[in-house]
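Novice: Next comes the sequence, and after it the predicted model I'd like to discuss.
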Amino acid sequence: MKTKLKIALMALLVAGMSSCTDDDNFMQTRQEGSFELTGPDAGATVTLTPDLSTNPALTISWKPATYTTPTEINYTVQVSGTSDFETFTSFSSVTTLSRTLTVEELNGAAIAAGLEADVPGTLNVRVMASIGNEQSDPMYSNVMAFTVTAYVTYPFKDLYLVGNAAPTGWDNNADTNHYPLFRDGADANLYRYTGYFAAGEFKLIGKSGSWVPQYGFSGGNIVAKLAESDPDPATMQVATAGYYALVVNLNDNTYTFEPFDASGAATYATIGIIGTSTPQEWTADTDMTKSTIDPHMWFISNQFLTAGGELKFRADNDWAVNWGGPTSFSGVGSPGGSNIPIGIAVDGNYDVWFNDLTGMYIYIPTE
């Protein structure tokens, strides 16, 4: 009997200890008040430039938040265009007492907040403290305002093929899937297109659905029509169907157009994009569409891409053949090259193009 009584008392004691432990855990997630930002200085001014996108732009620092029982605290920086934070951009959490935003991160927050590029505007920053992965018991710092000058997130000019020698013919509606020239990653005024041309003629346009601007060809020189009142420039004549390499240089308005031998080039059943900026991240490819005109040209229309990530192109859902490169928005992917930094400041939809003959890629925002 005594043994049974001891066991019962022990069970009650353990239950009591367990109850205290549960209560301790509950108390652990109670905050005691707000906490203060220590940086940046109020009224700080930051000017952002796209050529420094990976550089540090602004460091936000703060005093520790206080909870009733010591526990690890997560801190999340939030940036908004308004002081009431009705909408805001959040950045990845830290457990330290500061977080540095890169130029690309801060520019993305500025554009998302509605700031106009190249015009100084006001942003507000605060920090949220919380417990655990579920961001329990959030506590907020004071709000600090600062001035930022953002940059245009896509400051590039695009060129597209149009004409009966081009894949989409003379159709020039706004929703026509015109094939773009591939812009050089280092020189934004240098464009290339290596692919199949039918016998006929073609020009270049700057925007689907519009004939202004348009670009023609004359004796090695590019001739531009920049206004409706300008005369139409001459077309490029293609006497024999086949593969050609077109190079357009808008720095000096010159071009070359030469035959290209594609007879020994490999062809692939599928090519896809993969990486943290793509829907399935690194777990699986998002397959591209192979052109019915040119088996070396691939595209995805209106593809959602995530800001701040990276991507690569690869063949046949495998890493045996893949392409990567160092430049955002456009460039040349080399076999087995580095992950492509996405470069975009705000999540959005893009037309993505890839040429497996040259490894060139480009992704263009949809409107």
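Specialist: Received it, and whenever you're ready, just let me know what you need.
Novice: Report the contact partners of Gly114.
Specialist: The contact partners of Gly114, taken as Cβ atoms under 8 Å, 6 or more residues apart in numbering, are Gly81. The way it works is simple: take the backbone N, C-alpha and C, and place the C-beta from them, glycine included.
Novice: If you could redo that for Val79, that was the one I meant.
Specialist: Taking Cβ under 8 Å, 6+ apart, we find Val79 in contact with 88-89, 91, 101, 106, 109, 113, 123-125.
Novice: who wins for neighbours among those residues?
Specialist: Neighbour count (other Cβ atoms under 10 Å) singles out Ala109 as the most crowded of those, with 28 neighbours.
Novice: Wait, a strand at that one?
Specialist: No. Secondary structure of Ala109, determined by DSSP: H, G, I helix; E, B strand; the rest coil: helix, with no strand assignment.
Novice: I'd like to know how far it sits from Ile60.
Specialist: Taking Cβ to Cβ, to the nearest Å as the measure, Ala109 and Ile60 are separated by 12 Å.
Novice: so what's in contact with the two at the same time?
Specialist: Applying Cβ under 8 Å, 6+ apart, one finds that Ala109 and Ile60 are jointly contacted by Leu101.
Novice: Would you verify that Trp353 is located in a helix?
Specialist: No. Trp353: not assigned to a helix; according to three-state DSSP it is strand.
Novice: Any idea what it is bridged to?
Specialist: Phe299, Ile362 (DSSP bridges).
Novice: Now pLDDT and secondary structure too, for the contacts of Val79, in CSV please.
Specialist: CSV is the format used below for the contacts of Val79 (pLDDT from 0 to 100; DSSP: H, G, I helix; E, B strand; the rest coil):
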residue, pLDDT, secondary structure
Phe88, 92, coil
Thr89, 90, strand
Phe91, 88, coil
Leu101, 94, strand
Leu106, 93, helix
Ala109, 90, helix
Ala113, 90, coil
Leu123, 97, strand
Asn124, 97, strand
Val125, 97, strand
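Novice: Contacts only, for Gln135.
Specialist: When contacts are counted by Cβ under 8 Å, 6+ apart, Gln135 touches 74, 76, 128.
Novice: redo that, cut-off 10 Å
Specialist: 74, 76, 90, 93, 128-129 (Cβ atoms under 10 Å, 6 or more residues apart in numbering).
Novice: Between those residues, which sits nearest Asn355?
Specialist: Nearest to Asn355 among those: Ser90, at 37.1 Å, using Cβ to Cβ.
Novice: Would you mind confirming that the closest one makes contact with Ala109?
Specialist: Yes. Contact status for Ser90 versus Ala109: in contact at 9.3 Å, counting by Cβ atoms under 10 Å.
Novice: what residues do these two have in common as contacts?
Specialist: The overlap between the contact sets of Ser90 and Ala109 (Cβ under 10 Å, 6+ apart) consists of 77-80.
Novice: Kindly reformat those as TSV containing secondary structure and pLDDT.
Specialist: Rendered in TSV, the data for the shared contacts of Ser90 and Ala109 read as follows (DSSP: H, G, I helix; E, B strand; the rest coil; pLDDT from 0 to 100):
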residue	secondary structure	pLDDT
Val77	strand	97
Gln78	strand	96
Val79	strand	96
Ser80	strand	96
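Novice: Counting neighbours, what do you get for Ala254?
Specialist: Heads up, residue 254 is Thr, not Ala. By the measure other Cβ under 10 Å, the count of residues near Thr254 is 13.
Novice: Number the residues from 367 up from this point.
Specialist: Got it, the first residue is 367 from now on, which makes the last one we talked about Thr620.
Novice: is it in a bridge, and if so with what?
Specialist: Asn587, Asn615.
Novice: right, and it touches Val613 too?
Specialist: Yes. Distance between Thr620 and Val613: 8.5 Å, which falls inside the contact criterion (Cβ under 10 Å).
Novice: related to what we said a few turns ago, for the contacts of Gln501, which one is nearest Tyr433?
Specialist: Distance to Tyr433 across the contacts of Gln501 (Cβ to Cβ) is lowest for Ala495, with 8.3 Å.
Novice: what's the neighbour count on the closest one?
Specialist: For Ala495, the neighbour count with other Cβ under 10 Å is 23.
Novice: for the one 4 residues further on, same thing?
Specialist: For Asn499, the count of nearby residues is 8 (other Cβ under 10 Å).
Novice: Which residues are in contact with it?
Specialist: Contacts for Asn499 (Cβ under 10 Å, 6+ apart) come out as 440, 459.
Novice: In a helix, it, correct?
Specialist: No. Counting by three-state DSSP, Asn499 is located in no helix; its state is coil.
Novice: how much space between it and Gly641?
Specialist: When Asn499 is compared with Gly641 (using Cβ to Cβ), they lie 24 Å apart.
Novice: try Phe665
Specialist: Taking Cβ to Cβ as the measure, Phe665 and Gly641 are separated by 17 Å.
Novice: Of the two, which one has the most company?
Specialist: Applying other Cβ under 10 Å to Phe665 and Gly641 shows that Gly641 carries more neighbours, namely 23 against 20.
Novice: count of neighbours near Gly561?
Specialist: In terms of burial, Gly561 registers 25 neighbours under the definition other Cβ under 10 Å.
Novice: my guess is it contacts Ala631, does it?
Specialist: No. Under the criterion of Cβ under 10 Å, Gly561 is not in contact with Ala631, lying 11.0 Å apart.
Novice: intersection of neighbour lists for these two?
Specialist: Common contact partners of Gly561 and Ala631 (Cβ under 10 Å, 6+ apart): 609, 661-662, 723-724.
Novice: any idea which of those residues has the most stuff around it?
Specialist: The member of the shared contacts of Gly561 and Ala631 surrounded by the most neighbours (other Cβ under 10 Å) is His662, with 21 neighbours in all.
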